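J.: one predicted model, sequence on top.
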Amino acid sequence: MRTKNTLRFLAAAAGLAAAAAPGAPLLEVAPTFFAKQITQGQTLLPDAVQVGNPGDGTLTYSVIAGSIPVGWLSASPSDGSAAAGVTNTVVLSYDTAPLDPGIYAGQVDVSALGVGGRTVNIDLRINRRPGLAWDAAGKAWTNHIMAGDTLPATTLSIWNPSGEPAGASIPSPRSAISPSAEATRS
């Protein structure tokens with residue numbers, strides 16, 4: 001038969017809660033890592049972190065969210081308490097609108113005086129929007145030429161700056177344009 005002390009030891013060995021004296025609260029936080037990825041302009045749905053007390057007594061804790069740049073990560077509520085055997089939910093919210101494409105890190109620290117703390121790490125990657133960019137080598141294009149004249153061949157470079165899959169087609173009415181495709185990957 002397992003006792004509460006045995007369960008506390010097993011939880012501490014698994015990294016779930018800090019070992020404490022009998023009758024004391026314990027801090028349990030899960031999950032402790034989120035990896036998020038979006039395309040610029042998309043929004044992220046909130047995530048939930050469970051903060052619990054598998055020990056005895058009442059656990060009083062605080063929650064602090066930090067990120068660089070400041071402000072894209074928040075946690076609510078910012079504090080709470082959990083009686084023995086109770087688990088509460090902390091909601092993580094993301095404001096990615098002002099962020100440029102790139103990789104960002106954030107963390108949420110959950111701490112309880114006399115019990116210790118746990119950190120939830122958040123890795124966020126924002127990809128560029130899929131799209132096409134083009135370079136006409138500084139030439140102005142028109143659809144008018146003098147009768148009997150021809151236009152010299154012009155190279156148009158089209159690429160996808162996002163790194164995400166994208167497609168393109170160039171219509172060629174009456175062979176006026178002769179497109180050729182060259183695919184490269186970097």
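T.: Arrived safely.
J.: mind listing the strands for this structure?
T.: Listed in chain order, the strands found in the chain under DSSP state E are 28-30, 33-39, 47-52, 58-68, 73-76, 79-83, 87-94, 102-112, 116-127, 133-135, 157-159.
J.: winner for burial among those strands?
T.: Among those, strand 28-30 has the highest mean neighbour count (mean count of other Cβ atoms under 10 Å), at a mean of 20. C-beta here means a position set from N, CA and C on the backbone, and glycine is covered the same way.
J.: which helices and strands does it pack with?
T.: Applying 3 or more Cβ pairs under 8 Å, 6 or more residues apart in numbering; DSSP states H and E, we find strand 28-30 packed against strand 47-52, strand 116-127.
J.: apply 6 Å and report the result again.
T.: The helices and strands touching strand 28-30, judged by 3 or more Cβ pairs under 6 Å, 6 or more residues apart in numbering; DSSP states H and E, are strand 47-52.
J.: quick one, what contacts Ala82?
T.: Counting by Cβ atoms under 6 Å, 6 or more residues apart in numbering, Ala82 makes contact with 52-53, 59, 88.
J.: ok, and what's touching stretch 102-118?
T.: Stretch 102-118 is contacted from outside by 18, 25, 27, 29, 51, 59, 61-67, 73, 75, 119-125, using Cβ under 6 Å, 6+ apart.
J.: surely Ala65 touches Ser74?
T.: Yes - contact status for Ala65 versus Ser74: in contact at 5.2 Å, counting by Cβ atoms under 6 Å.
J.: tell me what the residue nearest to Tyr61 when sequence neighbours are not counted is bridged to.
T.: The shortest distance from Tyr61 to any residue that is not its chain neighbour, by Cβ to Cβ, 6 or more residues apart in numbering, is 4.2 Å, and that residue is Ala112. The bridge-partner assignment for Ala112, based on DSSP bridges, gives Gly116.
J.: so how far is Ala65 from Ala112?
T.: Summarising the geometry, the distance separating Ala112 from Ala65, computed by Cβ to Cβ, to the nearest Å, is 17 Å.
J.: ditto for Ser111
T.: With distances defined as Cβ to Cβ, the gap from Ser111 to Ala65 amounts to 13 Å.
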